[in-house]
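*Asks:* coordinates for the following, if possible.
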Amino acid sequence: MTKTVITGQPGTTVAQAADLMTQNRISAIPVLNKNVKIVGIVSEGDLLRRVEGAQDRTRSWWLSLFSYSTSSARGFIQERGQHLENIMTTQVTTIAVDMPVGQIAQLLDKKHIKRVPVVEDEKLVGIGSRANLLQALAAQPIFHIGFEADEGEKRNIVLGTLANVPGLNPVHLNVVVSGNRVDVWGIVNSNDEEAAAVVAMDATEGLGEVSMHLGRIPNYAWGI
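*Replies:* Okay, here's the model as predicted:
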């Protein structure tokens, strides 16, 4: 997560928030109360909607008499309010500091959002964004096999690695380790499974030369 977070307060003006976003090249500002608890968030989308709403401000006064509603009053506040408390989104999705990055990615995708505040004891401690997730993916360590590992240990590591490939059954595989060479023999169901097995092996360093010998069982062998 990004620990240095640019924030605003309910009384921060919209103009000040726009300046903060521009100067810091950020797309949203969490809004905090005096107790450093999140009470809302303002995004670039909220500011852009104000610009779009400005195009409708010349509507005839008498026409509004026939279209008054609570929602239009709320829209008026969001379009013309001068402080963040007027335009901020108050239903804020937050995450805990120990949420796994995979769950964060799913949350961002489900909510269609680009970033999410990170809280601890109900107080803001950071921001998790799509950019942070990309950094986490880029920093994922490749598994290294120690130089002291013997052939049996290497074989078990390879089988364990291949067992994580979706759809690949280790029972259908045979791993032969000889010195600095690894041969994987067996059966897979598709080209994708074979490609995934190769990817899994590529992410493991210290195996030496690796050769994959993966075949297919034709449909007629299964009585299809």
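
*Asks:* which parts of the protein are strands?
*Replies:* 28-32, 38-43, 95-96, 115-120, 123-129, 143-144, 173-178, 181-187, 204-205, 209-215 (DSSP state E).

*Asks:* ranking the ones you listed by burial, who's on top?
*Replies:* strand 28-32 (a mean of 24; mean count of other C-beta atoms under 10 Å). For glycine as for every other residue, the C-beta is placed from the backbone atoms N, C-alpha and C.

*Asks:* can you tell me what sits against that strand?
*Replies:* Identification of contacts with strand 28-32 by C-beta atoms under 8 Å, 6 or more residues apart in numbering yields 5-10, 12, 17, 20-21, 38-44, 84-85, 88, 92, 114-115, 117, 124, 127.

*Asks:* and the strands of the chain: which comes nearest Thr161?
*Replies:* strand 204-205 (5.5 Å; C-beta to C-beta).

*Asks:* what's the average pLDDT for the closest one?
*Replies:* Across strand 204-205, pLDDT averages out at 82.

*Asks:* likewise for stretch 21-38?
*Replies:* For stretch 21-38, the mean confidence score works out to 91.

*Asks:* the closest residue to Gly167 other than its chain neighbours: how many residues sit nearby?
*Replies:* Closest residue to Gly167 apart from its sequence neighbours, by C-beta to C-beta, 6 or more residues apart in numbering: Glu193 at 5.2 Å. Counted with other C-beta atoms under 10 Å, residues neighbouring Glu193 total 18.

*Asks:* now swap in Ala131 and tell me
*Replies:* 12.

*Asks:* that one and Lys114: what is the separation?
*Replies:* Look at Ala131 and Lys114: by C-beta to C-beta, to the nearest Å, they are 9 Å apart.

*Asks:* by mean pLDDT, which helix or strand of this structure comes out lowest?
*Replies:* helix 61-64 (a mean of 50; mean pLDDT, DSSP states H and E).

*Asks:* thanks a lot, catch you later.
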